[in-house]
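Novice: Here you go, sequence then predicted model.
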Amino acid sequence: MNSEKLSAEQLLQVVSSQWASATDIMKIGSVGRNKAYAIRSEIAISLYGDDSKVRNRGLVPMVEVLKYFNIDINYLKEVSVYEKQ
């Protein structure tokens, strides 16, 4: 399990990309590699179904990852301001 806890600013940096890899999912969810692959697969199947032609080389939209983990970007932005002080 990935036990590294990211600050709000670090998390914002990870989620600033349009696409999420398994490594990004590991960081965002503080999960291990196998769980990250399972989450990525679950998101891809919910988006694309079984049509593997549409998939983007193991990447899923970051917005879907944020929905999966129920992460509020506006809250992270507010917290990151306080962390900088």
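Specialist: Received it, and whenever you're ready, just let me know what you need. Every value quoted in this text rests on a predicted model; they were computed, and no experiment measured them.
Novice: When you work out contacts or count neighbours from here on, use the C-alpha atoms and nothing else.
Specialist: OK.
Novice: how about Leu11, what does it touch?
Specialist: 28, 76 (CA atoms under 8 Å, 6 or more residues apart in numbering).
Novice: separation between it and Glu42?
Specialist: Using CA to CA, to the nearest Å, we find Leu11 at a distance of 22 Å from Glu42.
Novice: can you check Met26 too?
Specialist: Met26 is 14 Å from Glu42, by CA to CA.
Novice: between those two, who's got more neighbours?
Specialist: Taking neighbours as other CA atoms under 10 Å, Met26 and Glu42 compare with Met26 leading, 22 against 13.
Novice: So for the lengthiest helix in the chain, mean pLDDT?
Specialist: Looking across the chain with DSSP state H, the single longest helix is helix 33-48. Mean per-residue pLDDT for helix 33-48: 91.
Novice: buried set for that helix?
Specialist: 33, 35-37, 39-41, 43-44 (16 or more other CA atoms under 10 Å).
Novice: same deal with stretch 60-77?
Specialist: 60-62, 64-66, 76.
Novice: And for it, what's in contact with it?
Specialist: Contacts of stretch 60-77 (CA under 8 Å, 6+ apart): 8-9, 11-12, 15, 17-21, 25, 29, 40, 43-44.
Novice: I'd like to know which of those are buried.
Specialist: Using 16+ other CA under 10 Å as the burial test, the contacts of stretch 60-77 include 8-9, 11-12, 15, 19-21, 25, 29, 40, 43-44 as buried.
Novice: closest to Lys84 among those residues?
Specialist: Glu9 (8.7 Å; CA to CA).
Novice: Using the three-state scheme, assign the nearest residue to the closest one once chain neighbours are set aside.
Specialist: Among residues not flanking Glu9 along the chain, Ser80 sits closest, at 5.2 Å (CA to CA, 6 or more residues apart in numbering). Put simply, Ser80 is helix when judged by DSSP: H, G, I helix; E, B strand; the rest coil.
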